[in-house]
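Participant: Quick one, structure for this:
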Amino acid sequence: MKIDKQLTEDHQARLTVELEPQHLEEAKHRAARKIAQKVKIPGFRPGKAPYPVVLRTVGEAAVLDEAMEFLVNEQYPKIIEESGIKPYGPGNLENIKKLDPPTLEFIVPLEAEVTLGDYHQIRFPYELKTVTDEEVEHAIEDLRERMAVLEPVDRPAQENDRVFIHLSAERKEVKEGQSLTLIKDREDQVTINPEDKDTSSEWPYPGFSRNLLGLKAGDEKVIEYTYPEDARLESLKGTSAIFRIKVTDIKLRKLPDLNDDFAQSVGEFETFAALQKAVRENLEKQTKKEYDEEYGNKIVTEILKDVQIKYPAVMLENETNGLLRQLENRLAEQNLDMTAYLKTRRMEEADLRKELTPTAEERMKRSLVLFEVAKAENIQVDQNELQNETVRTLDSINRIYSPKEARKMVTEPFINNMVSSIAADLTITHTLERLQSIAKGEFTPTGEAATSEKPKPKKARKATGKKSTKVEAPTTIQPAEAEPVSSVVASEAPAVDAPKVSPKPKRPKKVKPSETSVES
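Facilitator: Residues are numbered from 1 along each chain as shown. Presented below is the predicted three-dimensional model:
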């Protein structure tokens, strides 16, 4: 086998491979046997026709086409191994340059290369805000609102009342692919919020409850409203709608006193002071979580200013596909499909892909940087932590789904993917913790992380009872349908002859014996 390797500017490898003629001959005989199993050849039982007879019956081109698949499947893993390249995904058989000797030309996308700058010099002040007494009081007031007792009243609706209504809505203008009905007739209950209260989370639109002031049981009202361009739901941006309301009942909301009895009704708290303490601790945890996320993003953004990343176009394409799938899932939750969404926005799928590409590229680069830092810092995932998180996830599945649905869902491939995903999440979490420590000036390098030379990547190991598992960056060979890099973690690749890791290239067009060069 002779291999000529050329690296292209778009981060791919062009491999021109000259194989031994005997490999092609062996593949042709195997192909003939396979064809003889499927094609009825007079005078012979299936699979028993001699090679020359098969050749005369179906033609050399058909045999050669089938032989190429055998040849590529057998030789491709060896080609990858001998070439010394590290593929990101499946290669493509671009050209059969000649048949004697068989000379094939492959294009193979390479795994991403990330060159980090001196991120150990990054410093940012860590300014976590203190939870105020007002925030604690507001949170407790929310709990109090939920525990309100409802009492019937015979009067027009006032602020803080709970109003029971029949509600329906329709679009003023119906575009192609849309339904006239926006909200099917339904029963609902709405609390009329005071004018000075934030109503941004009200449904079906912010400030809706104020329209119920002064209405009595039996009253009806029609409201017109146009959703702004910054509406939370994409499908509602700029939509003008007519809402029809009929009040069925009005109740006074009587709020409980803030005392020990209230605390005990909320949860396992002996005193109101204990409830206040628990609320403050929860707010502090949430505040720290949100600030740490913001702080980590700030650090990664700074790292990206001094980093070099090379990646093949197919990697960005896969990332964009991931965003499209997420959008499709969100639309499905709103009982919409991609076709209707594109019609609403008056755009083609190609335009949407172009719109999503910058976001996909940013997300991909951030993920690549984080996993490269994890490798450089020798970040490890504790085996017990990984096991505990996996058990928690499985427990959640068992709570959400019926036993029958859970058994159907939790297959071995599902568990393997889930564990890899959890390991990736934990790796990123610990990497961000390390970066936070560096940016705050608290980190002191020790051991392997203190050396100037990057640690050599090691293969991720299966659970063996040892304390930790090394998780490597997602820059190794991936399956043919490669997942977005931001949603997977890949360990150091197994041997390249494993079919799952070195997928076969795409098949070329059929080859005629007389042709000396065929492009697919």
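Participant: hang on, residue 263 packs against residue 270?
Facilitator: Yes - with contact defined as C-beta atoms under 8 Å, residue 263 reaches residue 270; the gap is 7.4 Å. C-beta: built from backbone N, CA, C; applies to glycine.
Participant: Which of the two has more residues huddled nearby?
Facilitator: residue 263 (21 against 10; other C-beta atoms under 10 Å).
Participant: contacting residues around the more buried one?
Facilitator: 269-272, 274-275 (C-beta atoms under 8 Å, 6 or more residues apart in numbering).
Participant: Report pLDDT for it.
Facilitator: Looking at residue 263, its pLDDT is 94.
Participant: Can you name the helix or strand that it falls in?
Facilitator: helix 260-266 (DSSP states H and E).
Participant: Which SSE is immediately downstream of that helix?
Facilitator: Heading C-terminal from helix 260-266 (DSSP H and E), you reach helix 272-304.
Participant: what's in contact with the helix or strand just after that following helix?
Facilitator: For helix 272-304, the succeeding helix or strand toward the C-terminus, using DSSP H and E, is strand 308-310. Residues outside strand 308-310 that contact it (C-beta under 8 Å, 6+ apart): 11, 110, 112-115, 365, 368-369.
Participant: which parts of strand 308-310 are buried?
Facilitator: By neighbour count on 16 or more other C-beta atoms under 10 Å, the buried set for strand 308-310 is residue 309.
Participant: Where does pLDDT dip in the protein?
Facilitator: The chain contains residues with pLDDT under 70 at 177, 446-520.
Participant: How is it divided into domains?
Facilitator: Domain assignment of the chain by automatic domain parsing yields the ranges 2-111+504-519, 150-254, 311-475.
Participant: Which one of the ones you listed lies nearest to residue 142?
Facilitator: For the domains of the chain, distance to residue 142 was read as C-beta to C-beta. The smallest value, 11.2 Å, belongs to domain 150-254.
Participant: circling back: among the contacts of residue 263, name the buried ones.
Facilitator: 269, 272, 275.
Participant: need the contact list for the last one.
Facilitator: Looking back up the chat, that one is residue 275. Here residue 275 is in contact with 140, 262-263, 266-267, 269 (C-beta under 8 Å, 6+ apart).
Participant: Over to residue 414?
Facilitator: For residue 414, no contacting residues are found, by C-beta under 8 Å, 6+ apart.
Participant: Going forward, count from 15.
Facilitator: Sounds good: first residue 15 from here, last item residue 428.
Participant: Sort out which residues of the helix or strand where it lies are buried, please.
Facilitator: Secondary structure from DSSP H and E places residue 428 in helix 426-453. Within helix 426-453, the residues that count as buried by 16+ other C-beta under 10 Å are 432-438, 440-442, 444-446, 448-450, 452-453.
Participant: just stretch 340-354 next, same as before
Facilitator: Neighbour counts over stretch 340-354 (16+ other C-beta under 10 Å) mark 345, 350, 354 as buried.
Participant: Check stretch 364-374 too.
Facilitator: 366, 370, 374.
Participant: need these in JSON lines with distance to residue 86 and secondary structure, can you?
Facilitator: Formatted as JSON lines, the buried residues of stretch 364-374 follow (distance: C-beta to C-beta, whole Å; DSSP: H, G, I helix; E, B strand; the rest coil):
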{"residue": "366", "distance to residue 86": "35", "secondary structure": "helix"}
{"residue": "370", "distance to residue 86": "34", "secondary structure": "helix"}
{"residue": "374", "distance to residue 86": "31", "secondary structure": "helix"}
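Participant: Figure out how far stretch 435-442 is from the centre of its chain.
Facilitator: 13 Å (C-alpha atoms, centre = their mean, to the nearest Å).
Participant: Stretch 190-203 too?
Facilitator: So, by C-alpha atoms, centre = their mean, the centroid of stretch 190-203 is 31 Å from its chain's centroid.
Participant: contact partners of that stretch?
Facilitator: Against stretch 190-203 from outside (C-beta under 8 Å, 6+ apart): 176-185, 188, 218, 253, 255, 257, 262, 353-354, 357-358.
Participant: how does it look with 7 Å?
Facilitator: The set of residues external to stretch 190-203 that reach it, using C-beta atoms under 7 Å, 6 or more residues apart in numbering, is 176-185, 188, 218, 255, 353-354, 357-358.
Participant: Now list the buried members of those.
Facilitator: Burial by neighbour count, 16+ other C-beta under 10 Å: within the contacts of stretch 190-203 this picks out 176-179, 181, 183, 185, 218, 255, 354, 358.
Participant: Can you list phi and psi of the residue lying closest to residue 244 once chain neighbours are set aside for me?
Facilitator: Distances taken as C-beta to C-beta, 6 or more residues apart in numbering put residue 251 closest to residue 244, at 7.5 Å, once the chain neighbours are dropped. Dihedral pair for residue 251: phi -60, psi 120, per degrees, to the nearest 10.
Participant: tell me what the longest strand anywhere in the chain is packed against?
Facilitator: When the chain is parsed with DSSP state E, its longest strand is strand 254-268. Here strand 254-268 touches strand 163-166, strand 176-185, strand 234-240, going by 3 or more C-beta pairs under 7 Å, 6 or more residues apart in numbering; DSSP states H and E.
Participant: Same list (these) but as JSON lines, adding distance to residue 15.
Facilitator: Below are these laid out as JSON lines (distance: least, C-beta to C-beta, whole Å):
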{"stretch": "strand 163-166", "distance to residue 15": "81"}
{"stretch": "strand 176-185", "distance to residue 15": "65"}
{"stretch": "strand 234-240", "distance to residue 15": "68"}
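Participant: looking at these, which is closest to residue 299?
Facilitator: Comparing the helices and strands packed on strand 254-268 under C-beta to C-beta, the one sitting nearest is strand 163-166, at 30.6 Å.
Participant: can you list contacts of the closest one?
Facilitator: 176, 265-268.
Participant: Kindly export it (C-alpha atoms) in PDB.
Facilitator: Extracted as PDB, the C-alpha positions of strand 163-166 are listed here (Å, rounded to 0.1, in the frame of the first residue of the first chain):
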ATOM      1  CA  VAL A 163     -57.400  30.800  50.700                       C
ATOM      2  CA  LEU A 164     -60.100  31.600  48.200                       C
ATOM      3  CA  GLU A 165     -63.500  33.000  49.400                       C
ATOM      4  CA  PRO A 166     -66.500  33.700  47.200                       C
END
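Participant: can you confirm residue 119 is in a helix?
Facilitator: No - counting by DSSP: H, G, I helix; E, B strand; the rest coil, residue 119 falls outside a helix, being strand.
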